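Enquirer: fold the following for me, if possible:
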Amino acid sequence: MPLKGLSDVLWRERELLEQLLFKLEVEQLFLVTGRTKRLPLATREVEEVLDTIRAAELGRTVEVDEAASTLDLPAGVSLFDLAHAAPAPWDAILLDHRKHFIRLTSEINEIAQSNRDLLGSSHRAAQETLMGLRETAQTYDPSGSATATSSSAQLLDETF
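Expert: This is a model prediction of the structure:
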């Protein structure tokens with residue numbers, strides 16, 4: 001039955017969204033604690049889950065169109081409309097999937113925005129620190145004596 005196949009695909013997508021949420025939370029923990037050594041790995045894992053979700057979305061499109069056809073609905077129909085046209089118990093099952101997709105999407109959007117904000121503030125803090133170092137850094141002159149750097153541009157002789 002097409003509705004069973006659709007429900008199976010929707011369960012798989014829900015699991016993938018839960019996995020994405022988990023990976024984003026791990027990424028956020030690295031950002032919050034400042035332990036960013038493994039941040040590239042966490043980010044790569046987020047991208048891998050996103051790629052898997054994109055592939056699963058194609059399968060869902062096929063299943064939705066097949067289920068819609070059996071219910072005399074047009075291709076590309078929304079999950080909401082499909083649920084309202086489906087017989088019991090499939091109507092409740094599809095509405096439950098829809099409810100969970102809405103919740104998961106909201107949580108994913110919130111944590112992704114939070115991670116972007118954390119990355120932005122970390123980047124700004126690093127830039128400010130580097131600017132402060134430039135203003136207070138000391139270098140050495142040709143005689144080996146410490147000297148303050150000037151804030152003007154300098155030309156370095158790289159022939160050595």
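Enquirer: tell me, how many residues neighbour residue 62?
Expert: 12 (other Cβ atoms under 10 Å). Using the backbone N, CA and C atoms, a C-beta is placed for each residue, glycine as well.
Enquirer: from residue 39, how far off is it?
Expert: 36 Å (Cβ to Cβ, to the nearest Å).
Enquirer: and if you look at residue 87?
Expert: In terms of Cβ to Cβ, residue 87 sits 49 Å off from residue 39.
Enquirer: tell me the SS of the residue of the chain positioned farthest from its centre?
Expert: Each residue of the chain has a distance to the centre, and by Cα atoms, centre = their mean the biggest one is for residue 143: 53.1 Å. On the three-state scheme (DSSP: H, G, I helix; E, B strand; the rest coil), residue 143 is labelled coil.
Enquirer: just the pLDDT at it, thanks.
Expert: Note for residue 143: predicted pLDDT of 78.
Enquirer: quick check: the gap between it and residue 72.
Expert: Taking Cβ to Cβ, one finds residue 143 at 91 Å from residue 72.
Enquirer: buried sites along stretch 97-107?
Expert: Under the neighbour-count criterion of 16 or more other Cβ atoms under 10 Å, stretch 97-107 has 97-98, 100, 104, 107 buried.
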